[in-house]
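Enquirer: how would this look folded up:
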Amino acid sequence: MARFLDPPKAKDPIPAEKVDKEYKSMRLKVFLGAFLGYAGYYLVRKNLSLAAPDMINDGILDPGKVGLAMSAVSIAYAFSKFVMGSVSDRSDARKFLCVGLVLSALTMLGLGIMPFGTNTALNTAVIFILMLVVGWLSGFGWPPCGRIMAHWFSQNERSFKMSIWNVSHTIGSFALGFLAIAGVALAADLGVAQTWRGNFVFPSIIAMVIALFCWWAIRDTPESCGLPSVADWRNDHSGVKSKGAAGEKLPFKTLFVDYVLKNKLLWIVAISNVAVYMVRYGIGDWAPTYLQTKGIMTAAESKVAFSVHNIVGAVGTIACGWATQKIFKGRCAPMNVICMFLCGLGVVLYWMIGADIVHVSPAMQKVFVYVALCLIGFFIYGPVALTGVQALSLVPKNAAGTAAGFVGLFGYFVGDAVCSKILVGGIASRASWDAAMLSVAIGSIIGVFLCALLIPSEKRLAA
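Expert: The predicted model follows:
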């Protein structure tokens, strides 16, 4: 398996007169492959959330144990993204992404066709294990995409390109809902008694079709296609230089110790990512529960607000990436500071409306909630994308996956699982939702200062 995943060797250079045309064509194909490939991973990650209500009604799951089963994905993904980042730096990005996507789809497909009995405890244990597998396999998605972006797009254009690419997870999550609806409808038409199985089966099939497209579109590095490095092609030699050749497999010690553990700037990015993910999921994941508990919105209204929050986030991601490239010449830290500050204003408004600090009519209360969620959504997803760009900028290309995985470990495990789920949820249950949202507001303020710490170092690297 290890030999199968080995990165391809550099090919003989193609004729100079064909380089520009081939480069432009290959970059488009590779970008589309990375975009659709990462979106495909989101078709086989959150399926249980959609199927859970019907599985509870059919006696498959106990309502009190659904959260336990769902948590497995986040826990496994956080560690997998870190570990698999190192493996992906020593692997062919095309094979790595496609193999992980196919295995994820097969696992979710297996859950969809698996027979379940009436023992909910046993069912939960089985599903928990399968969700751990899916979470671990999900870690095959980001690292090879980070490797692709590092090798095919140069330093001064990467912030904008990666911001566009980062919208892929929003597209994938958005598409999953409709594919799940279609899957349930197909199951009903085929006479399947437990129609919830369509939530797993149909999206998994589509994910495997996407994997085929990715196999056709993606190539590991320009050098493996007979092209010069992107730095030479674009005459952009900024960023950290590698101790080895662009496609060389670096030793474990070099990847983890030299480029990650000893990299003080990467530690700052990772810790700032904790604040970013605490706000991202502390607001997004709890929005329906918070708004319904506070009596601000009905269940249907809170779902609409949640969707608007995410759609606006996709627009904000691209806008922040464009501004980073055009205004700050690819330096992410200044844009992150601006975004976290404005996002923090949105979180404070969100908290004040829920805590009834600002007395308004119920109708205006909903309006202010939408304004707050749009502010948060628009400005939080920029830092989500740009912290990944920063991680790639602080290491050489052949350590891109390791750096991204390290930053992602802090974001998903500490920021999401610990801070946004355990901390915020614990404060809400033991104190109040007002106190819980205040903790998120404090997190956003801390994020502003952490992001600002990288401004001087980015100036030095850009010089």
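Enquirer: buried stuff in stretch 335-349?
Expert: Neighbour counts over stretch 335-349 (16 or more other Cβ atoms under 10 Å) mark 335-344, 346-349 as buried. Backbone N, C-alpha and C define where each C-beta goes, glycine included.
Enquirer: Closest one to Gly447 out of the residues you listed, please.
Expert: Closest approach to Gly447 among the buried residues of stretch 335-349 (Cβ to Cβ): Met340, at 4.4 Å.
Enquirer: helix or strand for that closest one, which one?
Expert: Element membership for Met340 (DSSP states H and E) is helix 332-354.
Enquirer: cool, and Ile380?
Expert: Taking DSSP H and E as the definition, Ile380 sits inside helix 362-393.
Enquirer: same for that helix, what does it pack against?
Expert: helix 142-152, helix 155-166, helix 264-284, helix 299-326, helix 332-354, helix 400-409, helix 455-462 (3 or more Cβ pairs under 8 Å, 6 or more residues apart in numbering; DSSP states H and E).
Enquirer: Can I get those in JSON lines including distance to Gly183 and mean pLDDT?
Expert: Below are these laid out as JSON lines (distance: least, Cβ to Cβ, whole Å; pLDDT from 0 to 100):
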{"stretch": "helix 142-152", "distance to Gly183": "26", "mean pLDDT": "87"}
{"stretch": "helix 155-166", "distance to Gly183": "26", "mean pLDDT": "80"}
{"stretch": "helix 264-284", "distance to Gly183": "24", "mean pLDDT": "91"}
{"stretch": "helix 299-326", "distance to Gly183": "19", "mean pLDDT": "82"}
{"stretch": "helix 332-354", "distance to Gly183": "34", "mean pLDDT": "94"}
{"stretch": "helix 400-409", "distance to Gly183": "29", "mean pLDDT": "80"}
{"stretch": "helix 455-462", "distance to Gly183": "45", "mean pLDDT": "80"}
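Enquirer: could those helices go into a markdown table alongside distance to Gly443?
Expert: Below are those laid out as a markdown table (distance: least, Cβ to Cβ, whole Å):
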| stretch | distance to Gly443 |
| --- | --- |
| helix 142-152 | 23 |
| helix 155-166 | 21 |
| helix 264-284 | 4 |
| helix 299-326 | 17 |
| helix 332-354 | 8 |
| helix 400-409 | 17 |
| helix 455-462 | 20 |
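Enquirer: Tell me which of these sits nearest to Pro203.
Expert: Evaluated with Cβ to Cβ, the helices and strands packed on helix 362-393 place helix 299-326 nearest to Pro203, the distance being 17.9 Å.
Enquirer: what is the orientation angle of the closest one with helix 155-166?
Expert: Helix 299-326 runs at 170 degrees relative to helix 155-166, counting by axes from the mean of the first three to the mean of the last three Cα atoms, to 10 degrees.
Enquirer: Can I get stretch 139-150 in PDB? Just the C-alpha atoms.
Expert: Extracted C-alpha coordinates of stretch 139-150, given in PDB (Å, rounded to 0.1, in the frame of the first residue of the first chain):
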ATOM      1  CA  GLY A 139      -8.600  13.000   7.300                       C
ATOM      2  CA  PHE A 140      -7.600  11.800   3.900                       C
ATOM      3  CA  GLY A 141      -9.300  14.800   2.300                       C
ATOM      4  CA  TRP A 142      -7.700  18.100   3.400                       C
ATOM      5  CA  PRO A 143      -4.000  17.200   3.500                       C
ATOM      6  CA  PRO A 144      -3.700  16.100  -0.200                       C
ATOM      7  CA  CYS A 145      -5.700  19.200  -1.200                       C
ATOM      8  CA  GLY A 146      -3.200  21.300   0.800                       C
ATOM      9  CA  ARG A 147      -0.400  19.600  -1.000                       C
ATOM     10  CA  ILE A 148      -2.100  20.300  -4.400                       C
ATOM     11  CA  MET A 149      -2.500  24.000  -3.600                       C
ATOM     12  CA  ALA A 150       1.000  24.300  -2.400                       C
END
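Enquirer: and that stretch, how far from the chain's centre?
Expert: The chain centre lies 11 Å from the centre of stretch 139-150; the measure is Cα atoms, centre = their mean, to the nearest Å.
Enquirer: Likewise for stretch 197-210?
Expert: How far stretch 197-210 lies from its chain's middle: 20 Å, per Cα atoms, centre = their mean.
Enquirer: Kindly report the same for stretch 330-338.
Expert: Distance, centroid of stretch 330-338 to centroid of chain: 19 Å (Cα atoms, centre = their mean).
Enquirer: Can you show me the helices along the stretch 1-150 of the chain?
Expert: Ranges of helices in the stretch 1-150 of the chain, per DSSP state H, counting those that start in this stretch, are 2-5, 16-41, 47-57, 66-88, 93-113, 120-138, 142-152.
Enquirer: Name the residues of the first one that are buried.
Expert: When you say that, I think you mean helix 2-5. Buried, per 16+ other Cβ under 10 Å, within helix 2-5: Leu5.
Enquirer: Report the mean per-residue pLDDT for it.
Expert: The average pLDDT within helix 2-5 is 72.
Enquirer: try the second one
Expert: In this model, helix 16-41 has a mean pLDDT of 93.
Enquirer: what do you get for the third one?
Expert: Confidence over helix 47-57, taken as the mean pLDDT, stands at 79.
Enquirer: Which elements pack onto that helix?
Expert: Taking 3+ Cβ pairs under 8 Å, 6+ apart as contact, the helices and strands that helix 47-57 lies on are helix 66-88, helix 93-113, helix 168-189, helix 198-217.
Enquirer: quick one: which of these is nearest Lys264?
Expert: Set against Lys264 and scored by Cβ to Cβ, the helices and strands packed on helix 47-57 come closest in helix 66-88, at 18.2 Å.
Enquirer: between that closest one and helix 93-113, how many degrees?
Expert: Orientation of helix 66-88 against helix 93-113 (the same axes, to 10 degrees) gives an angle of 160 degrees.
Enquirer: still on that earlier bit, any idea which of the helices and strands packed on helix 362-393 gets closest to Leu109?
Expert: The minimum distance between Leu109 and the helices and strands packed on helix 362-393 falls on helix 142-152, with 21.9 Å, by Cβ to Cβ.
Enquirer: From the chain's centroid, how far away is the closest one?
Expert: Between the centre of helix 142-152 and the centre of its chain there are 14 Å (Cα atoms, centre = their mean).
Enquirer: Check stretch 152-161 too.
Expert: Using Cα atoms, centre = their mean, the offset of stretch 152-161 from its chain centre is 18 Å.
Enquirer: in it, what's buried?
Expert: Buried residues in stretch 152-161 (16+ other Cβ under 10 Å): Trp152, Phe153, Ser154, Gln155, Asn156, Arg158, Ser159, Phe160, Lys161.
Enquirer: My guess is the second one contacts Val30. True?
Expert: No. Assessed by Cβ atoms under 8 Å, Phe153 is found out of contact with Val30, at 9.3 Å.
Enquirer: Let me see the domain layout of the protein.
Expert: The chain is divided into the following domains under automatic domain parsing: 1-5+14-226, 251-463.
Enquirer: So which of those domains is nearest Asp236?
Expert: So among those, domain 1-5+14-226 is nearest, using Cβ to Cβ, at 3.9 Å.
Enquirer: The spatially closest residue to Gly139 that is not a sequence neighbour: what's it in contact with?
Expert: The shortest distance from Gly139 to any non-neighbouring residue, by Cβ to Cβ, 6 or more residues apart in numbering, is to Ser80 (2.7 Å). Under the criterion of Cβ atoms under 8 Å, 6 or more residues apart in numbering, the neighbours of Ser80 are Gly135, Trp136, Leu137, Ser138, Gly139, Phe140.
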